[in-house]
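S.K.: from the sequence below, what's the structure:
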Amino acid sequence: IEDEYEKFPDDAQYQAEYSLRKPDLEARKNAIFDFLDNETETFKVISDFFSDAALVADLKSKSLFTIEHVSTLMEYPNISTELLESYYKFGKFKYECGMYVDAENILTHYLSIVQPHTASYLSALWGRLACRILLAAWPESLADMAAVKEAIEIRNTSPVDQLRQRAWLMHWALFVML
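M.R.: The predicted model follows:
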C-alpha cells in the first residue's frame, strides 16, 4: 500500500491521505514483522519433528504417521491437531506475505500428516498448488493439480461448489499447461 502511495509524489490530495494513513500502515507492518519473527518459536516443535527425516520415514514405513500417534511420542508431546491447524494457518500467512518457499514447505508438511477428510485439506492443496505455480515448479504443480482434482471429486459438497472448484482448477491449469 505504501508503494502505491509513493508512486504519485506530485498528487497533493493523495499524499495528504497517505500522511493520515501512514501511522496505521506502519503499525500494521510492524505487527506483521513481529508475528513473523516471533511466531516461528511456537512452531519450532513441529519444524523439529518434520526435520527429523529418520523418524518421519520410520513412522511412515510403520503406517504410524498420524497426528494421533505423533502426539503420543515422548519427544513431541505438544503436537496436537490444534497446533497443526495453527501451523497450517501460519503457512497461509507466509503465502500472503509472498514467502512462497516457506509456505510450500509448511503446506507440504501439513498435507503429509493431515487426513484428507479434514476441512482444511483442500485449502492446503490449493495453497501448495499456488505456491508451486508461483515458484515455477511445473512437475510438482502438475502433481498437485491431480491431487486437487481428486480432492474435489471425493469431497462431499454441493454440485454447484464442485463446479466452481473445477472451474478454478481449469483456470490454474492454464498456468501449468502453457
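
S.K.: for the protein, just list every one of the helices.
M.R.: Using DSSP state H, the helices of the chain run over residues 2-6, 12-39, 44-51, 53-61, 67-70, 81-96, 100-113, 121-134, 138-154, 159-177.

S.K.: who touches the last one?
M.R.: Right, the one you point to is helix 159-177. Helix 159-177 is contacted by residues 122, 126, 129-130, 133, 138, 141-142, 145, 148-149, 152-153, 155, 157 when judged by Cβ atoms under 8 Å, 6 or more residues apart in numbering. All C-beta atoms are positioned from the backbone trio N, CA, C, and that covers glycine.

S.K.: what separates it from the chain centre, distance-wise?
M.R.: Distance of helix 159-177 from the chain centroid (Cα atoms, centre = their mean, to the nearest Å) equals 19 Å.

S.K.: for that helix, buried residues please.
M.R.: For helix 159-177, burial by neighbour count (16 or more other Cβ atoms under 10 Å) applies to Q165, L169, W172, A173, F175, V176.

S.K.: what does the fourth one give?
M.R.: Applying a neighbour-count criterion of 16+ other Cβ under 10 Å, one finds L55, V56, L59 buried in helix 53-61.

S.K.: and of the residues you listed, the nearest to N105?
M.R.: Closest approach to N105 among those (Cβ to Cβ): V56, at 13.5 Å.

S.K.: contacting residues for that closest one?
M.R.: V56 touches F49, F50, F65, S112, counting by Cβ under 8 Å, 6+ apart.

S.K.: look up how far I67 lies from the closest residue to the first one other than its chain neighbours.
M.R.: Looking back up the chat, that one is F49. In this structure, F49 finds its nearest non-sequential neighbour in Y76, 5.1 Å apart by Cβ to Cβ, 6 or more residues apart in numbering. Applying Cβ to Cβ, to the nearest Å, the value for Y76 to I67 is 10 Å.

S.K.: could you do P9 as well?
M.R.: Distance, P9 to I67, using Cβ to Cβ: 52 Å.

S.K.: the two: who's more crowded?
M.R.: I67 (16 against 10; other Cβ atoms under 10 Å).
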